[in-house]
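K.L.:
3D model of this:
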Amino acid sequence: MMEFDFFKTIGGSITVSDTEGNVLYMNDKAAEVFGNMVGQNMMGCHKASSQETIERLIANAETNAYTIEKGDVKKIIYQTPWYKDGAVAGLVEFSFVIPFEMPHHIRQPKKE
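P.N.:
Here you go, the predicted model:
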């Protein structure tokens, strides 16, 4: 069977780390934006408040989602735990460019 890395060339940045902040995986976009940090610890690249957030997300199995704006680019950041054998094994961070104005749809829940 051929191995296929769907995330390698997807349009957004994807970074996977372990519970200590060691980078296990970066797709092409993440490496382009941050430099290839696979095998390195990402905590030194973050300010103290961000380090605290990362530690809280891992300790409490929480998800953190927000948008950022830099110049003429707006991104959504989504940080969430990944699991191995039922325990938090680290974090996955997704970062995708989004439009400044974008549709928002309200879907009705499925009726039982």
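
K.L.:
Bridged to the residue positioned nearest the centre of the chain, which residues?
P.N.:
By CA atoms, centre = their mean, the mean C-alpha position of the chain lies nearest to residue 93, the distance being 0.8 Å. Beta bridges link residue 93 to residue 15, residue 79 when assigned by DSSP bridges.

K.L.:
residues contacting it?
P.N.:
13-17, 77-79 (CB atoms under 8 Å, 6 or more residues apart in numbering). (C-beta placed from N, C-alpha, C; glycine too.)

K.L.:
From these, list the buried ones, please.
P.N.:
Buried subset of the contacts of residue 93 (neighbour count, 16 or more other CB atoms under 10 Å): 13-17, 79.

K.L.:
ok, which stretches of this structure are strands?
P.N.:
13-18, 23-26, 64-70, 73-84, 87-98 (DSSP state E).

K.L.:
Show me what the first one is packed up against.
P.N.:
Applying 3 or more CB pairs under 8 Å, 6 or more residues apart in numbering; DSSP states H and E, we find strand 13-18 packed against strand 23-26, helix 28-34, strand 87-98.
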